[in-house]
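Novice: After the sequence you'll find the predicted model.
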Amino acid sequence: MPRPTNGVRTPDAIREAAIELFYEHGYEATSLREVAAKVGIRVGSLYNHISGKDELLSSIMTGIMDDLLGALRSVLRQHKDDPVAALRACVDTHIRFHAQRAHEVFIGNSELRALPAKARRRVVAKRDQYEKLIRGVIEELSEKGEAEVVDARLQTYAIVAMGTHVSSWYKPRGGMSLEAIVQAYTEMILRQVGISSDVGSEAVAMAGS
């Protein structure tokens, strides 16, 4: 990681260093001294930017959920009149995000208990919002008779679990491209609810172009 050359870059460098160290060694096993050393500053200088290690973890976990929510809301707005295309876009966004931001996602899933109570409630609330958005799409498909949904909540959990799973093994230089992985998972989800893999694909492609 390049060392910061000014105060503008330092907060980002601290966050990147913390993500890498928390991912590799875990939150509890990582000290602020190690974070500072990786950034290339004195440990005391960290306190110009953060109040402590718990604030750093809270910032990472809240930030990843804000980004994930923002990405999902963006694609849902593009497909608000087409629930099948919305479901495809949900799965596409969910899988890509978890593959591309795997280290932050891992921290978010493994270090929730390490958060202070107030910050933990905030992150859990954001997770609930995210799941509610996906469940809303599935419920709409069911209500309109466009999908065969056994249980919208469990179907939502299945989609969420797919992303978590992908983040644990995906490698950019692995045996499958991200495009192939997204396509495979999307087809799996659509088949689960009885939707043809071709339905809604054109709308998603046009929105992404």
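Specialist: Ah, there it is. From a predicted model like this one, the values you see are computed outputs, not experimental measurements.
Novice: What mean pLDDT does the strand or helix carrying residue 60 get?
Specialist: If you go by DSSP states H and E, residue 60 is part of helix 53-78. Averaging pLDDT along helix 53-78 gives 96.
Novice: Now do that helix: which elements does it pack against?
Specialist: Packed against helix 53-78, as judged by 3 or more C-beta pairs under 8 Å, 6 or more residues apart in numbering; DSSP states H and E, are the following elements: helix 10-25, helix 32-39, helix 83-100, helix 102-110, helix 117-143. Where you see a C-beta, it was placed from the backbone N, CA and C, and this is true even at glycine.
Novice: Repeat the analysis, applying 7 Å as the threshold.
Specialist: In terms of contacts (3 or more C-beta pairs under 7 Å, 6 or more residues apart in numbering; DSSP states H and E), helix 53-78 is packed against helix 10-25, helix 83-100, helix 102-110, helix 117-143.
Novice: what angle do the second one and helix 117-143 make?
Specialist: To tie it back to what came earlier, the one meant is helix 83-100. Using axes from the mean of the first three to the mean of the last three C-alpha atoms, to 10 degrees, the inter-axis angle of helix 83-100 relative to helix 117-143 is 150 degrees.
Novice: Would you indicate which residues of helix 83-100 are buried?
Specialist: Buried residues in helix 83-100, defined by neighbour count with 16 or more other C-beta atoms under 10 Å: 83-99.
Novice: residues in contact with it?
Specialist: Identification of contacts with helix 83-100 by C-beta atoms under 7 Å, 6 or more residues apart in numbering yields 68, 71-72, 75-76, 78-79, 105, 134, 137-138, 140-141, 144, 146, 159, 162-164, 166-167, 170, 178, 181-182, 185-186, 189, 195, 199-201, 203-204, 207.
Novice: List only buried entries from those.
Specialist: With burial judged by 16+ other C-beta under 10 Å, the buried subset of the contacts of helix 83-100 is 68, 71-72, 75-76, 78-79, 105, 134, 137-138, 140-141, 146, 159, 162-163, 166-167, 170, 181-182, 185-186, 189, 195, 199-201, 203-204, 207.
Novice: in this protein, which ranges drop under the pLDDT threshold?
Specialist: Scanning the chain for pLDDT under 70 picks out the ranges 1-8, 197-209.
Novice: do you know how far the closest residue to residue 186 other than its chain neighbours is from residue 72?
Specialist: Leaving out its chain neighbours, the residue that sits closest to residue 186 by C-beta to C-beta, 6 or more residues apart in numbering is residue 91, at 4.7 Å. Using C-beta to C-beta, to the nearest Å, residue 91 is found at 11 Å from residue 72.
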